[in-house]
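In: attaching a predicted model along with its sequence, questions to come.
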Amino acid sequence: MPLRKLLMTAIFAAPLISVSCQENAIKTAEPIAAEANASKDAATRIQRTPRATVAALKRHETVQAAFADIESHRQENIETLIELTEIPAPPFKEDKRGQHLSKLFKAAGIDDVKIDEVGNVIARRAGTKGTRTVAIVAHIDTVFPIETEVKVRKDGDTYYAPGIGDNTQGVVLMLSLVKAMQAQNIETEADILFIGNVGEEGLGDLRGVKHLYREGAEPIDSMIAIDGGGNGGLVYGAVGSYRYRVTFKGRGGHSWGDFGAANPHHALARAIENFAQLAPEVTSEGERSSFSVGRIGGGTSVNSIPFESWMEVDMRSGEVAKIDAIDAIFKKAMQDGLDEENAARKHGPELSVEIKSVGLRPAGKGDPNSPLVQHAIAAMESFDLQPRLGISSTDANIPISLGKPAITIGRGGISRGAHGLDESWEDKDSHVAIQIALLTLLAEAGFVEP
Ligand SMILES: [Zn+2]
């Protein structure tokens, strides 16, 4: 049956989807807005509902053939997973893994592959119209220092090595998609960029995706990030985080001889006290948000007034206004702590404070009713999976904070112990996540019927 006919049939047959979610998910018992409108209009014009689009795609013989290809990649994918995992890739040192990925993209049949200024590996698959660009991204960095032992150990269907699940399997998923699309000559209307991006983890601070969305960059209309274990995870909103290193500085001195001089540790303590007193005004109600002083240091000896006192601070929220409100309280608390300690001193010079940003992941609400989110939900439901909608801190933060469509979906299999040396990934139904990603990608990029 031609796709258009399939779609029409599916529209009239499709009941309204209602999203059922877990605790952290959006709470909506309402039918999806796009679905409701589409059903109303269906009698007068062709309107694809998310579920109908995905159902028709899934039935199409070309997509079915691609699904079979994906299932046949199992052994090959494991070999690629081991190859890539055994190339260390901490943030800022992803170049070797990136070069290898570039070769793998070319071997999979994409000619247009480049590595950009920051190290993102970008493989372009041209669309028939080329008026839109859809990016599918998986971060190639891991949290582990370069000297970490990354040799893969196998036990049954479980593979052990730091970084194997998070996010090397995400990269493998992306390669499997490319291979299946190439094998079946699948065409899309939009250009697709397959991207192994750098700098997702820790102090990488999303620098890879930030670069993709920098001012003057080639526009990306929507983005699907692959990260997180399992199959049903669907991140549609961005938990932002601001991180700082604060340093109070003074002349220091002898605890007895210089008593009465301003003390940086005392200033830091006053500043934390101010912050901890006032920040709960923001965090105690409304959208979830948090703050924490994670590390403290400085000082010379027990009988010295220190010349330096430092701390590292992390604050988070899914709502821009809230994280900005915590941030404002934080900065005032630091200044007040400084002023209080300076005012209390009996002699000697004033202290100073330096507040340095060491991380900024912007927050953003995201739109659970956007076609991209709805297509991903429909794709997961078509495999009888219950999507777990939620907000998190992922590569999708950047486009979401800019108001652009973006989601993060799971890499499949079973991930355990991420960010630990005993990390493992179990090859259980891993083809399902790849098939879900294919459906979501084709719905977003516009499948062109052969
Ligand atoms: Zn990750």
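Out: Okay, I see it. What you see is a predicted model; the values in this text were computed from it and never measured.

In: would you mind listing what in the chain touches the ion?
Out: 166-167, 227 (C-beta under 5 Å from the ion). C-beta coordinates here come from the backbone N, C-alpha and C atoms, glycine included.

In: quick one: which of those has the most company?
Out: Counting neighbours by other C-beta atoms under 10 Å, residue 167 leads those with 30 neighbours.

In: and that residue, which of the three is it?
Out: Three-state assignment for residue 167 (DSSP: H, G, I helix; E, B strand; the rest coil): helix.

In: all helices for the stretch 201-350 of the chain, in order.
Out: Using DSSP state H, counting those that start in this stretch, the helices of the stretch 201-350 of the chain run over 207-212, 264-278, 280-283, 320-344.

In: continuing past the last one, what's the next helix or strand?
Out: Taking DSSP states H and E as the definition, the helix or strand that follows helix 320-344 towards the C-terminus is strand 352-361.

In: helices or strands up against that following strand?
Out: strand 240-249, helix 320-344 (3 or more C-beta pairs under 8 Å, 6 or more residues apart in numbering; DSSP states H and E).

In: adding distance to residue 212, write the ones you listed out as TSV.
Out: TSV is the format used below for those (distance: least, C-beta to C-beta, whole Å):
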stretch	distance to residue 212
strand 240-249	18
helix 320-344	21
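
In: and these, which is most packed in?
Out: For those, average neighbour numbers computed from mean count of other C-beta atoms under 10 Å are highest in strand 240-249, which has a mean of 21.

In: got the CA coordinates for that strand in PDB?
Out: C-alpha atoms of strand 240-249 as PDB (Å, rounded to 0.1, in the frame of the first residue of the first chain):
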ATOM      1  CA  GLY A 240      20.200  23.800  34.000                       C
ATOM      2  CA  SER A 241      23.200  23.900  36.300                       C
ATOM      3  CA  TYR A 242      25.500  26.800  37.200                       C
ATOM      4  CA  ARG A 243      28.800  26.000  38.800                       C
ATOM      5  CA  TYR A 244      31.300  28.300  40.500                       C
ATOM      6  CA  ARG A 245      34.600  28.300  42.200                       C
ATOM      7  CA  VAL A 246      34.700  31.100  44.800                       C
ATOM      8  CA  THR A 247      38.000  32.300  46.300                       C
ATOM      9  CA  PHE A 248      38.300  34.700  49.300                       C
ATOM     10  CA  LYS A 249      41.800  36.200  49.400                       C
END
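
In: any idea how many residues pack against residue 132?
Out: 18.

In: confidence score at the residue nearest to it when sequence neighbours are not counted?
Out: Counting by C-beta to C-beta, 6 or more residues apart in numbering, the nearest residue to residue 132 once its immediate chain neighbours are dropped is residue 190, at 4.0 Å. For residue 190, the pLDDT comes out at 98.

In: report the contact partners of residue 190.
Out: 127, 129-134, 221, 444-446 (C-beta atoms under 8 Å, 6 or more residues apart in numbering).

In: contacting residues around residue 367?
Out: 236, 373, 405.

In: go on, residue 109?
Out: 178-179, 182.

In: now with 7 Å?
Out: By C-beta atoms under 7 Å, 6 or more residues apart in numbering, the residues touching residue 109 are residue 182.

In: and if you look at residue 423?
Out: Taking C-beta under 7 Å, 6+ apart, we find residue 423 in contact with 161-166, 416-417.

In: please name the nearest non-neighbouring residue to it.
Out: In this structure, residue 423 finds its nearest non-sequential neighbour in residue 417, 4.4 Å apart by C-beta to C-beta, 6+ apart.

In: surely that neighbour touches residue 424?
Out: Yes: using C-beta atoms under 7 Å, residue 417 makes contact with residue 424 at a distance of 6.0 Å.

In: more crowded one of the two?
Out: A count of neighbours by other C-beta under 10 Å puts residue 424 above the other of residue 417 and residue 424, at 22 against 15.

In: that older thread, now the helices and strands packed on strand 352-361 in JSON lines, with distance to residue 385 and mean pLDDT?
Out: Formatted as JSON lines, those follow (distance: least, C-beta to C-beta, whole Å; pLDDT from 0 to 100):
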{"stretch": "strand 240-249", "distance to residue 385": "28", "mean pLDDT": "97"}
{"stretch": "helix 320-344", "distance to residue 385": "31", "mean pLDDT": "97"}
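
In: how about the ones you listed, which one is nearest residue 277?
Out: helix 320-344 (8.1 Å; C-beta to C-beta).

In: show residues contacting that closest one.
Out: Residues outside helix 320-344 that contact it (C-beta under 7 Å, 6+ apart): 240, 242, 246, 248, 262-263, 266-268, 270-271, 274-275, 278-279, 282-283, 286-287, 289, 291, 313, 315-317, 350-351, 353, 355, 363-364.

In: run the chain-centre distance for that helix.
Out: Put simply, helix 320-344 sits 30 Å off its chain's centre (C-alpha atoms, centre = their mean, to the nearest Å).

In: then stretch 111-131?
Out: Worked out by C-alpha atoms, centre = their mean, stretch 111-131 lies 20 Å from the chain centre.

In: ok, stretch 284-292 next?
Out: On C-alpha atoms, centre = their mean, the centre of stretch 284-292 falls 21 Å from that of its chain.

In: ditto for stretch 355-362
Out: The answer for stretch 355-362 is 17 Å, by C-alpha atoms, centre = their mean.

In: and that stretch, what's buried?
Out: Within stretch 355-362, the residues that qualify as buried are 359, 361-362, counting by 16 or more other C-beta atoms under 10 Å.

In: the residue nearest to the spatial centre of the chain: what's it in contact with?
Out: Central residue of the chain (C-alpha atoms, centre = their mean): residue 394, 1.8 Å from the mean position. Shown in contact with residue 394 (C-beta under 7 Å, 6+ apart): 225, 227, 235, 408.

In: which of the residues you listed lies closest to the ion?
Out: residue 227 (4.3 Å; C-beta to the ion).

In: ok so, going back, do you know the pLDDT at the residue nearest to the centre of the chain?
Out: 95.
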